[in-house]
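1. below: sequence and its predicted model.
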Amino acid sequence: MGSKDGKRVVVFMDEANVYNDARRCFHSHAAPSPHGRVWPMRFGRELVNRVPLGTSEPRALEEVRVYTGQPASTKQSKSYAAHRRQAAAWQKSGATVVARPLRYPSDWPKSRPEQKGVDVQIAIDMVLMAIQDQLDIAILASTDTDLKPALEAFYTLPFESPKSVEVAAWKKGGFAKRLGVSGNHLWCHYLDEQAYQPLRDHRDYTQP
């Protein structure tokens, strides 16, 4: 269907994955923690403006959905406060932030907390929004292979109106991770360092 402005695009951003891959791709291991973070709305607009080869239909950015792990206020009060400030800033800019509680191992703080349920939430939302005709094109920003079933669904489910899916990933030199779907051509929006720099969120959210 689409909107009067073009095909409705929803960007699904696996924030931790996007952040960690940006650090591996463009920064050293010792880089300050803000290095690798991007503004979700800038990121989404960059992707919607990158039309795949052979595509002529106009596109309109419908929504940018950011999926994050939320620290527990009782265990990591400073990290919890920083996450709240970060989420508030991103929501103010127009993004939708979907937070899932971090899982703390029994030997925490010796072992780090883990992001749990984010990939499942992304997969559910991608498929449900397509079924409910809330998008025409889904762009998944993640290289997490646990999300491949969500991509495969776009090739197998009988949607009432045509839906398509694409992926996004960072690229520099020998670093070029991406998701794929066996037997199908899945377009990948590769973003290099030139594209990355204007998208960066330099704010240190640990500071009030």
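-> Arrived safely. Numbers count the residues shown, from 1 in each chain.
2. sheet-wise, list the partners of the lengthiest strand in the chain with their directions.
-> Criterion DSSP state E: the longest strand present in the chain is strand 59-70. Strand 59-70 pairs in its sheet with strand 7-14 (parallel), strand 96-101 (parallel), by DSSP bridges.
3. so how far is the helix or strand immediately after that strand in the chain from its chain's centroid?
-> Using DSSP states H and E, the helix or strand that follows strand 59-70 in sequence is helix 77-92. Using Cα atoms, centre = their mean, to the nearest Å, the mean C-alpha position of helix 77-92 is found 17 Å from that of the whole chain.
4. rounded mean pLDDT for helix 77-92, please.
-> Averaging pLDDT along helix 77-92 yields 96.
5. tell me the most buried of the strands paired with strand 59-70?
-> strand 7-14 (a mean of 25; mean count of other Cβ atoms under 10 Å). In this view, the C-beta of every residue, glycine as well, is placed from N, C-alpha and C.
6. next, the angle from it to helix 77-92.
-> Orientation of strand 7-14 against helix 77-92 (axes from the mean of the first three to the mean of the last three Cα atoms, to 10 degrees) gives an angle of 170 degrees.
7. hmm, who's touching strand 7-14?
-> 1-2, 40, 43-44, 47-48, 57-67, 118-119, 122, 125-126, 129, 134-142, 144, 147, 168 (Cβ atoms under 8 Å, 6 or more residues apart in numbering).
8. in strands, which of those appear?
-> Short answer: the contacts of strand 7-14 in strands (DSSP E) are 59-67, 137-141, 168.
9. and those, which are buried?
-> 59, 61-67, 137-141, 168 (16 or more other Cβ atoms under 10 Å).
10. can you pick out the most distant pair from those?
-> Checking these against each other with Cβ to Cβ, the farthest-apart pair comes out as 59 and 67, at 21.8 Å.
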